[in-house]
Structures are given as structure tokens and as C-alpha cells.
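Peer 1: Give the three-dimensional model of this entry:
(one chain, ligands or ions: 2)
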Amino acid sequence: MASFQSELKALNQPTDRGDGCRVFIETYGCQMNVYDSQAIGGLLDKDGFETADDIFDADVVLLNTCSVRELAEHKIISRVGEIRRQRRNADLPPVTVGICGCMAERLGGELQKGTNRVDLVVGVDNYDKLPGMLSELVTSQSSARRKRTATGHRSDAHYVAPPSLYPVNNSHLVTIHKGCDYKCTYCIVPYTRGPQTEKSPQAILDEIHTLVDSGATEVTLLGQNVTAYNWQKELDFAALLESVSGIDGLERIRFLTGHPKDMHPHTMDAIGSLDKVCPWLHLPIQSGSNAVLKRMKRLYKRDEYLEMVDYARRVIPDVTFSTDIIVGFPGETEEDFQATLEVLSRVKYDQIFSFKYSERPGVPAAKLADDISIDEKKRRLAEVMALQEKTWNVEAAREVGKTWTGIVESAARHPRDSWRVRTPNNRKFVVADGLSSNLFSKNTNHGLKIGDEVSALITGFANTTFLTGE
Ligand code: 5AD
Ligand code: SF4
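Peer 2: Ligands and ions are numbered 1, 2, ... in the order given. Here you go, the predicted model:
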């Protein structure tokens, strides 16, 4: 099997087959896709392709897609039509359109049929083929242009993407494994992303060293299920966190997403004791009902989840939680749904991502009747969101009057001339761009910049963003 490092070396040999062809990449879905899009950009750049500013400036548009819910897929199909229309309306020649990511893997050549068909389909394990396929496509005469597809999981391609060098909100993404070995019955991911395959600890450490050498201070370790990381059954996620913590110059480590079943006490002990590891756990519960969890094949019971939360609160100072919830899973009764609401009241999450169940073709749950009406799913979703807002408002109010410290991540959209800051436990606040009596910064100059550490007095909040000031 080719190693990550040797693949990386081969990928890093520059060529000029792109010949200045301009590519625009649009990313949908999870952080793994954000990472993959950066990696695709890196591969194309090395081969002489250029980055386009938008679809109007591009010779090629790549859509990096998500298949988790049906609506996400529909949006992509309409987007293909929209891109072609917008180009026509701007009197521009037809553009080459490619689909990457989970939809490419799930639908393959199907995407090259029908009204909004595309020129190129490249699945998650085949991005190394993309520069070659693209250069053939854009240089061949239009009459000879063949539709191209590269999909399928490759056990030889351990990870074909070079490290990404661009931070997202000041954090550099580092994918530590691909795929998922769980078979949650509603989920398409094991089919689109294949079985779990870990990057070696050495490859991960090398990648982070490269990032730190180029100025990074924070990484977000990514995977469908990072807590299940277990390299050759010898080095688990807790041990990986410990190794990454040893990197000089690295200041903060975040990670996404954990599976509750793999959040072991010793993993939480490690998170609590390693100073660089941020105390924020995104642990999807999906449902608070044991009957539903069983039909979802989530492999934990509600009380086990709650015990884990209690343990984390004991051993991880200032820990905060976020979660994912699905409402309207087949057979979800009102009682099941109420059990989910009870969990929200009990855990008091900082943030929840809640979804109406969406049947995906070929997954085990597709054999169950999708028997909750769309109106009922909408009602349950609205109720979940309303309870979360109410619970959060009480929790957030307790923070007013405290002083928080965080890292400047980006310019805030609102209010003007202010910055968005994130605390280690993933809370966000905005600060004005200047120093005042209750705002003090390590940066002695007036004016903050991304990466600065700031402390500020919390004076209020709007939704999940905290306000600071006089
Ligand atoms: N329907 C609705 N939501 C889903 N998710 C995954 N599959 C489905 C589906 N078929 C949600 C889960 C998961 C998140 C990324 O998307 O809550 O944690
Ligand atoms: Fe999907 Fe479950 Fe794997 Fe998460 S753990 S990616 S929900 S199968």
C-alpha cells in the first residue's frame, strides 16, 4: 500500500498541465468538504491551474457536495442549471462543470444524464485524478469531449490530498481519518465515504508541523468520528491528542465530530488534562429515546450519554457541548420526541443542529416506513429549536458580567469595525476595534488583528453571539 508520505511526494511534483485554466470551487456540507476543497485547490495549483474569483471568471466550476439529506442534493442539481443560466445571461461561453464529494460518489455517472448534467464526476477517493481529467477535458475539441467519472473507494489511496494551508476562522483543518465504520441506519456517509481509514500519527504530526512552520497556532482535527481513531489498534484518539499537544508552537487543538460511544472516560481525562485541547465537545445524540436510538443503531442508551456528559463536566474545566438532532425518524412517537426535549433541558447545550429525518436511498432505515408527516416533522423541529432558544437564553444570561478571553478569528459583520472572537470552549463574542477600559489586549497597538488574544467584559448577547463593551 502506498504510504501517505510517498503519495504526498508524488503529488508535490509540479506540472503545467493546467496551462492557466481558471477553476472556481464551491463547497457544500461539512468541514471535511472544506478541507477537501482546499486540498483539491492545492493539487490543481501545483499543476498550473489558477483560482477563479467566481463562476463568471472561471473556465471550470467544481461543486464539492453533500448527500446527507435529500434537499442538499436537490439544491446542487438546481445550482448546476443556475450556473449555466447565469453564464448565458452574462454572454459568457459554456463552462465545464464538475461534481466532487459525496454526491459524486453516490450518484456517479447518473449526474451526466438528464437536464442539468455535468461534464465531470470525481468521488472522495479520486481527487488525485482530477488535474489529469480536467486538463484532458478542457483541451479536447468540444465534439470530442467525453463525459468523465472517477468514483469508488481505494484502499491503496490512503489519503491523496496535500495539507491545506488556509485557516478557517483562524483554525487549520487537519483530516485525521476518512470514512466511517458505524452503520447508523439513517446515514449515507458509510456508503459515500467508505470504511474508516486512519491517517498515520506520523503523517498527522508532519502535516501539523508543516502548518505550524507556516504560522498556524490552532488546528481542528477532523473526521466523521474522530473519537474512534485507533491507529493499528495501538494509538487511540486520547494518545493522538497527547502527541499533537507536544508540538511546539501549536497553541490550541479542536476536534470534530465525536461519537458518544467512543467518548471514553480516559479520552475525557486526556481532554481535561491537556492544556492545548479546547474544552468543547460536539457529540451528536440524534434522539433522547432509547427505542429510537436502537432503531437508529446508535449503540448507546440515553442514560449512558447523560452519564458521559456528567463525567465530562467533572473532568474538563469549562466544558461546553453541542449536538445534532434528527426529528421524525420512522416510528418516532410523541413520547419519543418528548424524551429528546428532556435531554435538551438536562444537558443545556450551547448549540444544536437539528434536522427533519430525510430518507436516503439504500440505507437500512429506508426499509422502515417514513411515517411521520412533513407537517409533523416541521412542528417537532420548531419545538426543538424553540426549547433550545429558551434554554440557551437562561444559560447565556448567567455569563453577563464575566470576563472572557478568546482569539480574534475574523472581522464581524455586525456591528461595524468590530471583530469576532472565539473562546477555547467555542463561545463567540464581538469586540470593537480599539481598546477601552474593559477591553484589554496582548496587542499593545490600537487595532486588533486575526490571531490576537483578547479579554473582554460580557455585557449581553444576541442569539449565540455575546456582546462586550462599556
Ligand atoms: N436525515 C436527517 N438528518 C440526517 N443526518 C444524517 N443523516 C440524516 C438523514 N438521513 C444528520 C445527523 C448527523 C448530521 C451531520 O446530519 O444529525 O449527525
Ligand atoms: Fe453517519 Fe453514524 Fe457514521 Fe456519523 S457515526 S457518519 S451518523 S454512520
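Peer 1: Which secondary structure element is home to the residue in the stretch 201-350 of the chain that ligand 1 sits nearest to?
Peer 2: Relative to ligand 1, the nearest point of the stretch 201-350 of the chain is D324 (3.3 Å; Cβ to the nearest ligand atom). To be clear about C-beta, it is placed using only N, CA and C from the backbone, and glycine gets the same treatment. Using DSSP states H and E, D324 falls within strand 320-327.
Peer 1: CA atoms of that strand as PDB?
Peer 2: C-alpha atoms of strand 320-327 as PDB (Å, rounded to 0.1, in the frame of the first residue of the first chain):
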ATOM      1  CA  THR A 320     -19.400  23.200  26.600                       C
ATOM      2  CA  PHE A 321     -21.500  20.900  24.400                       C
ATOM      3  CA  SER A 322     -23.100  21.000  21.100                       C
ATOM      4  CA  THR A 323     -25.100  18.300  19.300                       C
ATOM      5  CA  ASP A 324     -27.100  17.100  16.300                       C
ATOM      6  CA  ILE A 325     -30.700  16.000  16.500                       C
ATOM      7  CA  ILE A 326     -33.000  14.300  14.000                       C
ATOM      8  CA  VAL A 327     -36.700  14.700  14.400                       C
END
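Peer 1: residues in contact with it?
Peer 2: 186, 279-287, 296, 309, 312, 337, 340, 344, 347-357, 372, 377, 380-381, 384, 425-427 (Cβ atoms under 8 Å, 6 or more residues apart in numbering).
Peer 1: now, which of the residues you listed lie close to ligand 2?
Peer 2: Applying Cβ under 6 Å from any ligand atom to the contacts of strand 320-327, one finds that nothing falls near ligand 2.
Peer 1: Okay, and which of those residues map to strands?
Peer 2: Counting by DSSP state E, the contacts of strand 320-327 place 280-282, 351-356 in strands.
Peer 1: Of these - the most surrounded one?
Peer 2: Counting neighbours by other Cβ atoms under 10 Å, L281 leads the ones in strands among the contacts of strand 320-327 with 27 neighbours.
Peer 1: got a list of what that one touches?
Peer 2: With contacts defined as Cβ under 8 Å, 6+ apart, L281 is in contact with 258, 263, 271, 312, 316, 319-322.
Peer 1: Please list the residues of the stretch 201-350 of the chain that sit near ligand 2.
Peer 2: Proximity of the stretch 201-350 of the chain to ligand 2 is confined to 224-225, 259 under the rule Cβ under 6 Å from any ligand atom.
Peer 1: Can you spell out the domain ranges of this protein, please?
Peer 2: Domains of the chain are assigned by automatic domain parsing as 4-150, 172-397, 403-468.
Peer 1: got a markdown table for those, with mean pLDDT too?
Peer 2: Output for these, formatted as a markdown table (pLDDT from 0 to 100):
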| stretch | mean pLDDT |
| --- | --- |
| domain 4-150 | 87 |
| domain 172-397 | 96 |
| domain 403-468 | 83 |
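Peer 1: Now tabulate those domains in CSV and tack on distance to Y166.
Peer 2: Output for the domains of the chain, formatted as CSV (distance: least, Cβ to Cβ, whole Å):
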stretch, distance to Y166
domain 4-150, 6
domain 172-397, 8
domain 403-468, 12
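Peer 1: Looks like S78 contacts R85 (just checking).
Peer 2: No. Judged on Cβ atoms under 8 Å, S78 makes no contact with R85 at a distance of 10.1 Å.
Peer 1: Brilliant, that's me finished.
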